[in-house]
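Novice: Everything below, folded, please.
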Amino acid sequence: MTGTVVITMPHALGNGELIARTLGADLVPYSGDAFRDAFSRYRRIVALMAAGIAVRQLAPLIQSKWEDPAVVVVSPDLAHAIPILGGHHGGNALARELQACLGIQAVITTATEAAGRESVEGIAAREGCTVLNRTSTRAANAAMLEGDVPLYAIPGPGVVIAGPSVSILLRGGEYVVGIGCRRGVSRDEVLSALSKGLRDAGIGPDSVLAYATTERKRGESALSEAVSALSGNLVFLQDAQINAQPPGTPSAAARLGLQGVAEPCARALSGRKEIVMAKRAYGRVTVAVAR
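Specialist: From the prediction side, this is the model:
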């Protein structure tokens, strides 16, 4: 499997073969199950057909622009390539690739690109980063339409207090490690717990996008020191963001008005919202891992 698939109507099979050969993609003849099968298996889909057919097939499958594959409709005459899903998430790039290789006119409709401006997602892709706080992109991209938005590179060590309209881009893996702890823990206790947690989860520090805990632990310097020792980024989350997560393992944090710490913090910043290691206690520290 290549990661890219071309779904073509039978009458356009020759053009479908040309696109598939050019992109190094798989070729699938259109059927009633073609989009359903491709949606979970491929990250890029080229639909060589009328846009209406593709839209009707895709509508019941759509979940999130962050998770869905990029979909580009190509008109049967190879005149136009139109991203209809995931423009900021590979669709625009795929359409431009078709334009560069086959002369198919890319029709870009995302507001920032149509205006000749960058987007948060585009900057993240260019820099090899992941957007940590996805909801920020709406405000940040809207601001980019109105004018220049400053881009800061902070090599650290340092502390950033960012508002909800500030997009935070991080380099790293796909895993987020949630941390809870008792008051007054030491750096070595936290570092030992994180090392054991990562080992039990079967991942290394290089696979971690971020570490997360509650803002109520901002005064526990051991957390920052231990995460810094792992060359990681520690994010403090507000109560509302923690309690917005689905219920997980019961936690003593309920007496503080939180549904938990380690698990909901890990889930809140993760891309797939999937707990891969439920919280485990290592002495006075709890660790959970999500992706």
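
Novice: Which stretches in this structure count as strands?
Specialist: Along the chain, counting by DSSP state E, strands occupy 4-8, 26-29, 44-48, 70-74, 80-85, 105-106, 130-131, 169-170, 175-181, 208-214, 234-237, 275-282, 285-290.

Novice: With mean pLDDT, mean neighbour count and distance to I161 added, can I get these in JSON lines?
Specialist: Any C-beta I mention is one placed from the backbone N, CA and C, and that applies to glycine too. Putting the strands of the chain into JSON lines (pLDDT from 0 to 100; neighbours: other Cβ atoms under 10 Å; distance: least, Cβ to Cβ, whole Å) gives the following:
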{"stretch": "strand 4-8", "mean pLDDT": "97", "mean neighbour count": "26", "distance to I161": "41"}
{"stretch": "strand 26-29", "mean pLDDT": "97", "mean neighbour count": "16", "distance to I161": "47"}
{"stretch": "strand 44-48", "mean pLDDT": "98", "mean neighbour count": "27", "distance to I161": "37"}
{"stretch": "strand 70-74", "mean pLDDT": "98", "mean neighbour count": "28", "distance to I161": "34"}
{"stretch": "strand 80-85", "mean pLDDT": "97", "mean neighbour count": "22", "distance to I161": "35"}
{"stretch": "strand 105-106", "mean pLDDT": "96", "mean neighbour count": "16", "distance to I161": "39"}
{"stretch": "strand 130-131", "mean pLDDT": "88", "mean neighbour count": "20", "distance to I161": "18"}
{"stretch": "strand 169-170", "mean pLDDT": "88", "mean neighbour count": "18", "distance to I161": "16"}
{"stretch": "strand 175-181", "mean pLDDT": "96", "mean neighbour count": "27", "distance to I161": "19"}
{"stretch": "strand 208-214", "mean pLDDT": "94", "mean neighbour count": "25", "distance to I161": "15"}
{"stretch": "strand 234-237", "mean pLDDT": "92", "mean neighbour count": "20", "distance to I161": "9"}
{"stretch": "strand 275-282", "mean pLDDT": "96", "mean neighbour count": "18", "distance to I161": "27"}
{"stretch": "strand 285-290", "mean pLDDT": "97", "mean neighbour count": "27", "distance to I161": "24"}
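
Novice: so which of those comes closest to I154?
Specialist: When the strands of the chain are compared by Cβ to Cβ, strand 169-170 sits nearest I154, at 10.5 Å.

Novice: what's that closest one packed up against?
Specialist: helix 120-127, strand 130-131 (3 or more Cβ pairs under 8 Å, 6 or more residues apart in numbering; DSSP states H and E).

Novice: Show me what the last one is in contact with.
Specialist: Outside of strand 130-131, the residues that reach it under the criterion Cβ atoms under 8 Å, 6 or more residues apart in numbering are 120-121, 124, 137, 167-172, 174, 209, 271.

Novice: at 6 Å instead, please
Specialist: 124, 167, 170, 209 (Cβ atoms under 6 Å, 6 or more residues apart in numbering).

Novice: Tell me who's in contact with the first one.
Specialist: Contacts were defined as Cβ under 6 Å, 6+ apart; by that measure A124 touches 131, 169.

Novice: how close does it sit to N133?
Specialist: A124 sits at a distance of 12 Å from N133 (criterion: Cβ to Cβ, to the nearest Å).

Novice: before we move on, back to that, widest-spaced pair of the contacts of strand 130-131?
Specialist: S167 and L209 (14.4 Å).

Novice: what is in contact with A124 and N133 at once?
Specialist: By Cβ under 6 Å, 6+ apart, no residue touches both A124 and N133.

Novice: If anything else comes up later, I'll come back, but that's it for now.
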